[in-house]
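*Asks:* requesting a structural model of the entry that follows:
(chains A and B, ligands or ions: 2)
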Amino acid sequence: MKTSKQIGKPVSRLEGNLKVTGAAKYAADYNESDLVHGYIVNSTITKGKIIAIDESSARKISGVIEIYSHTNRSKLPWFDILYTDMDAPPGTPFKPLYNNQVLYNGQPIALVVAECFETSRYAASLLKITYEEETFETELMMRLAAARNPKKGMATSIKPLPPSPTGNFEEAYEQADAKYEGEFFHGAEHHNPLELFATTTIFEGDGKLTVYDKTQGTNNCQIYIANVFGLHFKDVRVLSPFVGGGFGSGLRPQYQLFLCVMASLELKRNVRVTMDRAQMFTFGHRPQTIQRTKFGASADGIVTAIHHSAIAETSHFEDYTEVVVNWANMLYPAKNTLLDYKLVPLDLFTPMDMRAPGGSTGLHAIEATMDALSYELNIDPLALRLLNYSERDVSADKPYSSKELKACYLQGAEKFGWSDRNPEPRSTKRGNRLVGTGMSTGIWDVIALPAKAKAKIDREGKVKVTSAVTDIGTGTKTIMTQIAAETLGISISDVTFAYGDSKMPLAPIQGGSYTTGVIGSAVKAVCTALKKKIFRQAKKMKHSAFKKVKFKDVVFEDGKIFLPNKPNSAVSIKSVVIDNEEKVIKTSKTNIPNLLKIKQYTRAAHSAAFVEVEVDEELGVINVTRAVTAVAAGKIINPKTARSQILGGMIWGISKALREETLTDHHLGKYMNTNLGEYHIPVHADIHELDVLFVEENDEIINELGSKGVGEIGLASMAPAIANAIFHATGKRINKFPIHFDALL
Amino acid sequence: MKAESTDRENNNDFNLTTSQVKLKINGNCLQLNVLPWVSLLDAIRDHCNLTGTKKGCDHGQCGACTVICDGNRILSCLTLAVMKNKSEITTIEGIADGDELHPLQKAFIKHDAFQCGYCTPGQICSAIAMLKEGKANTREEIKEQMSGNLCRCGANTNIIDAIIEIKNKGNYE
Ligand code: FES
Ligand code: FES
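*Replies:* Ligands and ions are numbered 1, 2, ... in the order given. Have a look, this model is predicted:
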């Protein structure tokens, strides 16, 4: 077998040079000539009607070009279907400036376009808006009685609703020797990528637009714009070569895209619209969720009964759902289960996927419950997981396509030094700080989707592979280049992976940790197809050594094709291309996953996190002093960028457990801390020793690469491990995130 | 990158007049006519077309807009352009020596000290000026001194590793 040359190498990010020199251009960085600027005005009430907008002072400002609102917007279609997108939950998508209805606080209600940014911002502050306010409800806790089942739709086929009850939960729980019953809560969280949402629209004339947008899906935005504004989709080109962080916020077209394109079409000019930081809190968030668990186990530590229910918020117009309660029985094979997931519609914008959506929520409750159970049973937390380890997904009655979670537990524990632990809570001190350690399991499912890619090789032997996919900082460009080079048996310096352009072959939105598997498989498939084409051409060459040879018998390596047992049969790929009349060989390929095969398995990445915390006994200040996360995610294409993904996930875990939360003033129905000074995320000084290890995992089922993706799995296990470590340090079990010092005093 | 000055705000009737501001940015002398409310950040990005400096909050809360002004790191979003007349400014575009990357830029690539890259220009400018300040000697001190520069991707440990590498080598001039 050919040795692997590119896959598995810690290649440095190929766009690194552009990112460290400031040459990487993000959506707001295109200073086209004659650019005008739009500033968005948001509603200051939560629910009601706009009665009047007094634009007179704003229009007096010289430099103001136009002010758009529901009163003078472009003619728009009213069919919901035209406003839908690849990540739309069941319901009615929000239509900006559609009418005078205000559905949530911060809803965009006007756009002021001016010759320069400062003028647009100033003029926007002069609009006087009269509203008729209606009563509203934004507080989940006040509306729990209204919880109902979510509507079914496209989204719920990817994010399955909970499975039906199994066995007899009530009876099994009643008879259990050890029990834990918990209530868990986290508030709303906002993605807050560092880049502000922005769109620069270039009005090309002839009904054509070039749009630089901050998004996780160029095709998604292209189709949305074409549908909403009645343009031919070929006339709309959406580019997103650099994206300053996504974390899910760019999975749906955001309203600045709509407003910017509308203004550009109306004014026939180049327009830029950028949100400010407060506006970054006005579209989509991780929904506040309340969860209840009841786990029961026999005296020897076997979990026999699992109840897990969740109630999450959604908007009145869409049913956003996530998978919160399905994970416990995938991990722990109890025979008696009762799982439930419900929604409460509130006067808010629809929540949206935020890094490890649902998984990070559910695992908090599940893994803290397991931890509590371990203390009830007097069994080490890690030993309890091992006692309940299952090679099969009992909840779906399927085998795992691969599952090296046990290796994560054992190797992670070894690296962390878990065995040195004194099991007694409050047993260890360092000066005036209590020291505790905790662990948690992580799981994230592997999604398979179709995707297309193109590949072309020129007479210099240079290969270009293209896909419309984005690279939100995950390392997509680098790993796709590695996959192409490996498949073709050439050096990565001979491959260019071009991406982030809707003109390129169709790609799904970049989320769910599936880009490596989905786009990677398409890249591998197209490069294999290219090889076959090159080989057919090689057979036609004069004196070809391959005349009677089959494709499967030759090897592509070091830029050459040869028969493994006849080294002198070698021809360079370059010479084959030159021999071809067109002097270039190209092909395209849509990779369609074999659903019949993969659906027979449960497919998931796993992780185990081990965390040490210090808690100041008098002040309650919490510090995560060190942590190890062990990950089983199949083949790791690039250990350097994959490690960074896991580190990022771990830091998100620290943030989730200890820092970030969007707070609402329910009298106003308004988020209060809509800035980076008061929406806390960890700073450098908060981050200490973090370690990542990848365990060997072979998976021949999930996709062509055997790779599972690492975007979410690092977060999934981290936050519960911190909560568990805090319990070990202090003896206090705090089930509300984020955990602040006051909860410990 | 070539910087060019434009004058977009010469007509207004609400008592704001443009002022002339002379800046030396990355070695180039520029003369801008800007309204007094234009931040240094917007002047650099929109008037000088140096878009490497980023806007993450416009409120002094994220550090993405950090530039080096007369040797000190400053938040360009909290600075009005007119306050910096006759100043010498280095932005991320001026850190490398032509095609030769600054040692810290190389260390950032080597340590994978960025993911999306949006905080990177600010982190690099901030770190270079921070090292020259000479206040931070230990890892803990460097983390503290760099805490005004947020990274939402969570590249924190890699960023600090990169800074420490060049601090230890002493080649950050
Ligand atoms: S943009 Fe200046 S600190 Fe955030
Ligand atoms: S690399 Fe994305 S914010 Fe730092």
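*Asks:* every contact and neighbour count from this point should use C-alpha atoms.
*Replies:* OK.
*Asks:* which one of the residues in the stretch 301-450 of chain A is closest to ligand 2?
*Replies:* Going by C-alpha to the nearest ligand atom, ligand 2 is nearest to A:Arg355 of the stretch 301-450 of chain A, at 14.0 Å.
*Asks:* neighbours around that residue, how many?
*Replies:* 24 (other C-alpha atoms under 10 Å in any protein chain shown).
*Asks:* and what of A:His667?
*Replies:* 11.
*Asks:* my read is that the residue of the stretch 301-450 of chain A closest to ligand 2 contacts A:Gly250, right?
*Replies:* No. Judged on C-alpha atoms under 8 Å, A:Arg355 makes no contact with A:Gly250 at a distance of 11.4 Å.
*Asks:* so which strand or helix has A:His728?
*Replies:* helix A:718-730 (DSSP states H and E).
*Asks:* so for that helix, mean pLDDT?
*Replies:* The predicted model gives helix A:718-730 an average pLDDT of 98.
*Asks:* now it, how far from the centre of its chain.
*Replies:* 25 Å (C-alpha atoms, centre = their mean, to the nearest Å).
*Asks:* residues touching B:Arg139, list them.
*Replies:* B:Ile160, B:Ile164 (C-alpha atoms under 8 Å, 6 or more residues apart in numbering or on different chains).
*Asks:* after the lowest-mean-pLDDT helix or strand in chain A, which helix or strand is next? Please name it.
*Replies:* Across the helices and strands of chain A, mean pLDDT, DSSP states H and E gives its lowest value to helix A:154-158, namely a mean of 84. Per DSSP H and E, the first helix or strand lying C-terminal to helix A:154-158 is helix A:169-175.
*Asks:* residues touching the closest residue to A:Ala114 other than its chain neighbours, list them.
*Replies:* Using C-alpha to C-alpha, 6 or more residues apart in numbering or on different chains and skipping the chain neighbours, the partner closest in space to A:Ala114 is A:Val64 (4.1 Å). Residues near A:Val64 by C-alpha under 8 Å, 6+ apart: A:Ala58, A:Val112, A:Val113, A:Ala114, A:Glu115, A:Thr119, A:Ser120, A:Ala123.
*Asks:* same deal with A:Ile654?
*Replies:* A:Ile654 sits next to A:Val624, A:Pro682, A:Met718, A:Ala719, A:Ile722 when contact means C-alpha under 8 Å, 6+ apart.
*Asks:* what strand or helix carries the closest residue to the third one other than its chain neighbours?
*Replies:* Excluding its sequence neighbours, the residue lying closest to A:Met718 (C-alpha to C-alpha, 6+ apart) is A:Gly653, at 4.9 Å. Using DSSP H and E, the secondary-structure element containing A:Gly653 is helix A:639-658.
*Asks:* does that helix reach ligand 2?
*Replies:* No. Using C-alpha under 6 Å from any ligand atom, helix A:639-658 never reaches ligand 2; the gap is at least 9.5 Å.
*Asks:* pLDDT below threshold where in chain B?
*Replies:* B:1-15, B:172-173 (pLDDT under 70).
*Asks:* strands along that one, start to end?
*Replies:* Remark: strands assigned in chain B by DSSP state E are B:19-25, B:28-34, B:66-69, B:72-75, B:87-90.
*Asks:* tell me how far the closest residue to ligand 2 within the stretch 501-650 of chain A lies from ligand 1.
*Replies:* Using C-alpha to the nearest ligand atom, the closest approach of the stretch 501-650 of chain A to ligand 2 is made by A:Gly648 at 9.5 Å. Applying C-alpha to the nearest ligand atom, to the nearest Å, the value for A:Gly648 to ligand 1 is 20 Å.
*Asks:* OK, contacts around that residue?
*Replies:* Contacts of A:Gly648 (C-alpha under 8 Å, 6+ apart): A:Gly714, A:Leu715, B:Cys153, B:Gly154, B:Ala155.
*Asks:* run through the residues that contact A:Pro351.
*Replies:* A:Pro351 touches A:Phe283, A:Gly284, A:His285, A:Arg286, A:Pro287, A:Glu313, A:Thr314, A:Ser315, A:Tyr320, counting by C-alpha under 8 Å, 6+ apart.
*Asks:* quick one: neighbours of the residue nearest to A:Leu97 when sequence neighbours are not counted, just the number.
*Replies:* The spatially closest residue to A:Leu97, leaving aside those adjacent along the chain, is A:His70, at 4.5 Å (C-alpha to C-alpha, 6+ apart). As a burial measure, A:His70 scores 16 neighbours (other C-alpha under 10 Å).
*Asks:* try the one 5 residues further on
*Replies:* If you count neighbours by other C-alpha under 10 Å, A:Lys75 ends up with 10.
*Asks:* per-residue confidence at it?
*Replies:* 89.
*Asks:* list the beta-bridge partners for the most centrally placed residue in chain B.
*Replies:* Centroid-nearest residue in chain B, with C-alpha atoms, centre = their mean: B:Val67, separated by 2.3 Å. Beta-bridge partners of B:Val67, counted by DSSP bridges, are B:Ile74.
*Asks:* for it, give me its contacts.
*Replies:* So B:Val67 contacts B:Thr53, B:Arg73, B:Ile74, B:Leu75, B:Ser76, B:Ile89, B:Thr90, B:Thr91, B:Ile92, B:Gly122, B:Cys125, B:Ser126 (C-alpha under 8 Å, 6+ apart).
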